[in-house]
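Peer 1: Below is the structure, and that's it, no one-letter string:
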Ligand SMILES: NC(=O)NCCC(=O)O
């Protein structure tokens, strides 16, 4: 790990500080930076991170308040700007957005930096105890308008910031059903809407179906004061059609709050998000938990491994990907972090016009194959058109929750809802 002077700590101090590091470095990017010549590092970065408008991504200098908060609370802070080409008719639509992994001082640091949209990690209010299958952890589930939402509503209002808060939700109005939910809080402190995780993992230690149900909210896109955003919660990132549906519904930024561990998914992490940003012409914010959480009682997972008491290392590495295939470096692999990025949302349409992925997609040809597959595997209707309570604030013109999928792609797939402009 690099200390504040850029040097790695020595001896015992090093061992403790570098658990979860990559050979002692915060991230792959830092490892390369420290070990390659400046010319080679520039070339490696060009290939690994791509170029934005033909140039290396621009780093942003942050206010003193932000950097001193990061120092005082020992979290990694990095900031970059995604540009778009200048247009004749539209002004740049630059949104400042943050990924964060631990709360108040980091939200304050984001606020100090003028962040517009901020997203926390999956189930940020609790240990990621879904490996244990012990029901006691359900205690952390709370209503959409519960304690954590109220806490964030104040901060959203104070900093004029949209906050996406992924929690374990207890649906108190519908038989106390538990969901894995992202609450979208508007910049006035209002609740714009919610999205419930569409796909539940059943892999390795991720025994999450013990705790919550497959979501029933479809693929909503939330029109906030700063842009159209959607939330694709963790394991949903392995499903390309999930990303597609958010894109078809008009998302400009899709956030992927996650909790995943190195042994399982680290090689997939940077690829899936980046591919989704490219394939769907929107920005992706990838947010992962960081550190190792040890539980009181050992557990097994049906994969033949001896019993153990931790999930393994949550590798952090939060970052942003852009529709033009550029991306930021990643935050630390083992320290809390705040990644800030200015993104000109005009880039989304510019890339659509350039590459025409939607126009050339030929969905009609593919839905036939999907139709036969869905007849085989579909069980229940998870489209979300269930008449359940909708969380959105109809009094605010700038905040709308849209659930819509281009009807031309819907044949027999029940996962795709035809449902225009819910508001
Ligand atoms: N939280 C969660 O869905 N984790 C699943 C593991 C993964 O998708 O990498």
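Peer 2: Received, thanks. Only a predicted model underlies this, so the values are computations on that prediction, with no experimental measurement involved. Numbers count the residues shown, from 1 in each chain.

Peer 1: per-domain residue ranges of the chain.
Peer 2: 1-49, 52-409 (automatic domain parsing).

Peer 1: highest average neighbour count across the ones you listed?
Peer 2: Highest mean neighbour count among the domains of the chain (mean count of other CB atoms under 10 Å): domain 52-409, with a mean of 19. (Each C-beta comes from the backbone N, C-alpha and C, glycine too.)

Peer 1: Mind checking if that one is in reach of the ligand?
Peer 2: Yes. Judged by CB under 6 Å from any ligand atom, domain 52-409 comes into contact with the ligand at 122, 201, 206, 234, 235, 259, 260, 264, 265.

Peer 1: As TSV, the domains of the chain with mean pLDDT would be great.
Peer 2: Shown next, in TSV, are these (pLDDT from 0 to 100):
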stretch	mean pLDDT
domain 1-49	78
domain 52-409	89
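
Peer 1: on that earlier part again, farthest pair within the residues of domain 52-409 next to the ligand?
Peer 2: For the residues of domain 52-409 next to the ligand, the maximum inter-member distance is 14.4 Å, found between 122 and 264 (CB to CB).

Peer 1: Strands along the stretch 101-250 of the chain, start to end?
Peer 2: Counting by DSSP state E, counting those that start in this stretch, the stretch 101-250 of the chain has these strands, from start to end: 117-119, 162-171, 177-185, 191-196, 202-203, 206-207, 221-224, 227-231.

Peer 1: Look up how far the ligand lies from the residue lying closest to residue 223 once chain neighbours are set aside.
Peer 2: Among residues not flanking residue 223 along the chain, residue 400 sits closest, at 4.1 Å (CB to CB, 6 or more residues apart in numbering). Distance, residue 400 to the ligand, by CB to the nearest ligand atom, to the nearest Å: 28 Å.

Peer 1: any residues touching stretch 290-302, and which ones?
Peer 2: Stretch 290-302 has contacts (CB atoms under 8 Å, 6 or more residues apart in numbering) with 19-20, 101, 127-129, 131-134, 204-205, 207, 306-316, 332-337.

Peer 1: Apologies, that question was intended for stretch 35-51.
Peer 2: With contact meaning CB under 8 Å, 6+ apart, stretch 35-51 is reached by 28-29, 32-33, 56-57, 322, 324-329.

Peer 1: List the ones among those that fall in strands.
Peer 2: Members of the contacts of stretch 35-51 lying in strands (criterion: DSSP state E): none.

Peer 1: what's the farthest-apart pair in the residues you listed?
Peer 2: Most distant of the contacts of stretch 35-51, by CB to CB, are 33 and 324, 22.9 Å apart.

Peer 1: can I get the residues of domain 52-409 next to the ligand in CSV with distance to residue 286?
Peer 2: CSV is the format used below for the residues of domain 52-409 next to the ligand (distance: CB to CB, whole Å):
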residue, distance to residue 286
122, 11
201, 16
206, 17
234, 10
235, 13
259, 12
260, 10
264, 15
265, 11
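
Peer 1: which residues does the residue of the stretch 1-150 of the chain found nearest the ligand contact?
Peer 2: When CB to the nearest ligand atom is the measure, the stretch 1-150 of the chain has its nearest residue to the ligand at residue 122, with 5.5 Å between them. Shown in contact with residue 122 (CB under 8 Å, 6+ apart): 128, 166, 180, 233, 234, 257, 258, 259, 287, 289.

Peer 1: what about 6 Å?
Peer 2: Contact partners of residue 122, counting by CB atoms under 6 Å, 6 or more residues apart in numbering, are 166, 234, 257, 258, 259.

Peer 1: Which single one of these is nearest to the ligand?
Peer 2: Set against the ligand, the nearest of those by CB to the nearest ligand atom is residue 234 (3.3 Å).

Peer 1: hey, where'd the helices end up in the protein?
Peer 2: Using DSSP state H, the helices of the chain run over 11-17, 28-35, 38-49, 64-72, 104-112, 147-159, 240-248, 262-265, 269-280, 346-355, 363-377.
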